[in-house]
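S.K.: output the structure for:
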Amino acid sequence: MGTSIIAGVGRATCSAIWLTLKASVLPHLTRQQWLDIDQGFLERAQFPNCIGALDGKHMRVKKPPNSGSQYYNYKQFFSVVLLALADTNYRFKIVDIGSYLSTADARIFRASRMGRWLQSNQLDVPQPANLPGSTGPPAPYVVVGDEGFALSSHLMRPFPRRGLDGKRRNFNYSLSRARRFVECAFVMFCLVFFIF
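M.R.: Below you'll find the model as predicted:
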């Protein structure tokens, strides 16, 4: 068979698999499911009001025809970005695949559907709640990311590393404990699917 026929069959098969399985593999989360994820982060990472750990991974690809340097990233190879939000069971809850921006995670996240949904409150995230043991004002539910992401009302990132006092160093340590779940999820993903 010709290359174009095989490529067409591959695309059609992947499309059919996605349309058939997406509702069961990556369903839209309910408010209660977000609260269950938050409970996992509280119990396993001692990080309250957290509804997921966010990170991106550059998946190496062959240079697409007529793409110029669009898919060439800062790591010096051609890639598409898999942006994923994981829970404490190392499961991806939301993914955004296909960005080819060669810039930082913050720009990729802002341009992604996941980022737009989170910023426009389309994910049915619970309303702000008091932190455990606190009587202060309610705190929003957040996702945690690394230094590559921009701080926003629903995205928490570590303090810059220069001039940290004890409280900020402790906060960064706690946030890092919560972030490790998405990093471990990517490691497991790559171990299962060797091609990545």
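S.K.: may I have the secondary structure class of the nearest residue to residue 90 once chain neighbours are set aside?
M.R.: With C-beta to C-beta, 6 or more residues apart in numbering as the criterion, residue 90 has its nearest non-adjacent residue at 4.2 Å, and that residue is residue 185. Using the backbone N, CA and C atoms, a C-beta is placed for each residue, glycine as well. Look at residue 185: counting by DSSP: H, G, I helix; E, B strand; the rest coil, its state is helix.
S.K.: do you know how far residue 185 is from residue 59?
M.R.: Here residue 185 is placed at a distance of 14 Å from residue 59 (C-beta to C-beta, to the nearest Å).
S.K.: ok so, going back, isn't the residue nearest to residue 90 right up against residue 86?
M.R.: Yes: taking C-beta atoms under 8 Å as the definition, residue 185 is a contact partner of residue 86 at 4.2 Å.
S.K.: what does the helix or strand of the chain with the lowest mean pLDDT rub up against?
M.R.: Using mean pLDDT, DSSP states H and E, the weakest-scoring helix or strand in the chain turns out to be helix 105-111, at a mean of 77. The contact list for helix 105-111, computed with C-beta atoms under 8 Å, 6 or more residues apart in numbering, reads 54-56, 81, 83, 99, 101, 115-116, 145-146, 148-150, 155.
S.K.: list the ones among those residues that fall in helices.
M.R.: Applying DSSP state H to the contacts of helix 105-111, the entries found in helices are 115-116.
S.K.: filter the contacts of helix 105-111 down to the buried ones.
M.R.: By the neighbour-count criterion of 16 or more other C-beta atoms under 10 Å, these include these buried positions: 54-56, 81, 83, 99, 101, 115, 145-146, 148-149, 155.
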